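Q: got a structure for you, letters missing:
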């Protein structure tokens, strides 16, 4: 039985719990926040590019919310809201690092999982060496490999299931399933383990991390014995050269850390951005018709959605030296929160920044980050969204919002995405 045949084994009730931002799984990152944060971010940016404080608290969100750079209660916190400040913080990795300065005397929270020891939190030369191990697997020239081996058949199979009826929730029945099946498939994991992987990823703890290792351990052993053409074999066969010039294969622990990061990023970001793109188009039927008529516009529609509402609106860095930064004195050891979503609507860079307009002149935005830690899967994410949305419009030409259902809304604080996208295609 193929992976496509196994799609019917997905438990839709569990899928809804895992992929509804309002469910308990997403509560720690502010999933219950259903307001519009942009007016507050505009006011903050207008009064200064950098503020003392934490993004969600400055926004007026009173419920606790955790994400990168949080909680660190013993450190001073600052948040950047202008494009210029956010872009500079991303680029200047000497001043704004992904992990705390080693000699900073501050009590840190206990390590919660192997993710905290992944390439995401490495700096400088060490980060470049480890990132280079998998960089080529995510290069633009490899997107065809990803699409043909892991994506296209899944997309078509999901549309086959949709076409058997006349209504669906695209967020659950389509967007949520594609990236997780693509990334777990690229590791050689069967469909039956995809939701187990997700549950482990959601539990940012040693217990959750150990559960993920239990899933990956036999796969690592199998690929050491017999490599295949998949991402796990890339990690197993990778060699890293230390600063002393000695080369060695990645240890099992290093592989688990890499796998944790890639599975997390691959499963839990693209589905929300795809849903945001579809929400933007379906709530603007004239733009949906334009994309249907001219598929060259689809890429611009996706790129504009990443500017308009990036699914991860904030990332954090640690200040490595005392510095004056856009009018604010930052002490060494502080946390700088980069509100890239606010930067992406900075009127100093974008005209009519609150308007979703795929026809606007192309101008890079910060949705995928910038600098040394720019998103590793940027090209894959764009290809996944373009392939999936294009196929959906090709196969279901009468696709439209269900007039009998609540229209989709974008919710969440540190992960943002749509509620149900209820559609009809009868």
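A: It's in. Here the structure is a predicted model, which means the values were calculated and not measured.

Q: Show me where the chain dips below the pLDDT cut-off.
A: For the chain, residues meeting the criterion pLDDT under 70 lie at 1-9, 101-123, 125-127, 129-130, 204-208, 244-245.

Q: neighbours of the residue nearest to residue 305 when sequence neighbours are not counted, just the number please.
A: Excluding its sequence neighbours, the residue lying closest to residue 305 (Cβ to Cβ, 6 or more residues apart in numbering) is residue 277, at 4.0 Å. Any C-beta I mention is one placed from the backbone N, CA and C, and that applies to glycine too. Residues near residue 277, counting by other Cβ atoms under 10 Å, number 28.

Q: Isn't residue 277 up against residue 388?
A: No - applying Cβ atoms under 8 Å, one finds residue 277 not in contact with residue 388, separated by 9.8 Å.

Q: need the contact list for the residue nearest to residue 305.
A: For residue 277, the contacting residues are 301, 302, 305, 385, 389, by Cβ atoms under 8 Å, 6 or more residues apart in numbering.

Q: One more: residue 262?
A: Taking Cβ under 8 Å, 6+ apart as the criterion, residue 262 is in contact with 134, 183, 187, 231, 376, 377.

Q: closest to residue 96 among the residues you listed?
A: Closest approach between the contacts of residue 262 and residue 96, by Cβ to Cβ: residue 376, at 18.8 Å.

Q: How much space separates the residue nearest to that closest one when sequence neighbours are not counted from residue 93?
A: Excluding its sequence neighbours, the residue lying closest to residue 376 (Cβ to Cβ, 6+ apart) is residue 138, at 5.2 Å. The gap separating residue 138 from residue 93 is 20 Å, by Cβ to Cβ, to the nearest Å.

Q: State the phi and psi torsions of residue 303.
A: When quoted as degrees, to the nearest 10, the phi and psi of residue 303 stand at phi -60, psi -40.

Q: just checking, it touches residue 364?
A: No - using Cβ under 8 Å, residue 303 is not in contact with residue 364, being 9.1 Å away.

Q: Neighbour count: these two, which is higher?
A: residue 303 (21 against 11).

Q: Pull up the gap between that one and residue 310, please.
A: Going from residue 303 to residue 310 by Cβ to Cβ gives 11 Å.

Q: quick one: common contacting residues for those two?
A: residue 365.

Q: thinking again about what came up before, which one of residue 138 and residue 93 is surrounded by more residues?
A: residue 138 (20 against 17).

Q: which of the residues in stretch 402-419 are buried?
A: 402, 408, 410, 411, 412, 413, 414, 415, 416, 417, 418, 419 (16 or more other Cβ atoms under 10 Å).

Q: Which members of those residues occur in strands, if any?
A: The strands, defined by DSSP state E, take in 410, 411, 417, 418 from these.

Q: where's the last one relative to residue 334, distance?
A: What that stands for is residue 418. Going from residue 418 to residue 334 by Cβ to Cβ gives 34 Å.

Q: what's the answer for the third one, then?
A: Using Cβ to Cβ, residue 417 is found at 30 Å from residue 334.

Q: Only the buried residues of stretch 48-59, if you could.
A: Buried residues in stretch 48-59, counted by 16+ other Cβ under 10 Å: 49, 50, 51, 54, 55, 56, 58, 59.

Q: The residue nearest to residue 305: which element?
A: Taking DSSP states H and E as the definition, residue 277 sits inside helix 270-282.

Q: how distant is that helix from the center of its chain?
A: Taking Cα atoms, centre = their mean, to the nearest Å, one finds the center of helix 270-282 at 13 Å from the center of the full chain.

Q: about what we covered before: which two of the buried residues of stretch 402-419 have the greatest separation?
A: The largest separation in the buried residues of stretch 402-419, counting by Cβ to Cβ, is between 402 and 414 at 29.3 Å.

Q: for this protein, longest helix please?
A: Identified as the longest helix of the chain according to DSSP state H is helix 206-225.

Q: So which bits of stretch 295-305 are buried?
A: 297, 298, 299, 300, 301, 302, 303, 304, 305.

Q: And for that stretch, what's in contact with it?
A: In contact with stretch 295-305 (Cβ under 8 Å, 6+ apart) are residues 273, 276-277, 280-281, 287, 290-291, 356-360, 362, 365, 382, 385-386, 389-390, 393.

Q: could you redo the last one with a cut-off of 10 Å?
A: With contact meaning Cβ atoms under 10 Å, 6 or more residues apart in numbering, stretch 295-305 is reached by 273-281, 284, 287-288, 290-292, 294, 311, 355-360, 362-365, 367, 381-382, 384-387, 389-390, 393-394.

Q: and those residues, which of them are in helices?
A: Residues of the contacts of stretch 295-305 located in helices (DSSP H): 273-281, 287-288, 290-292, 381-382, 384-387, 389-390, 393-394.

Q: From the residues you listed, keep the buried residues only.
A: Buried residues within the ones in helices among the contacts of stretch 295-305, counting neighbours by 16+ other Cβ under 10 Å: 273-281, 287-288, 290-291, 381-382, 384-387, 389, 393.

Q: May I see the buried residues of stretch 402-419 arranged in CSV, with distance to residue 221 as well?
A: What follows is the buried residues of stretch 402-419, written out as CSV (distance: Cβ to Cβ, whole Å):
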residue, distance to residue 221
402, 48
408, 44
410, 43
411, 41
412, 38
413, 40
414, 36
415, 33
416, 39
417, 36
418, 40
419, 42
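
Q: which parts of stretch 178-197 are buried?
A: Using 16+ other Cβ under 10 Å as the test for burial, stretch 178-197 gives 178-189, 191, 194-195, 197.

Q: which of these sit farthest apart?
A: Spatial extent of the buried residues of stretch 178-197 (Cβ to Cβ) is set by the pair 178 and 188 at 17.9 Å.

Q: all strands in this structure, in order from the N-terminus.
A: 50-52, 77-80, 96-97, 167-169, 239-241, 247-249, 315-319, 323-325, 328-330, 335-338, 400-401, 410-411, 417-418, 422-424.
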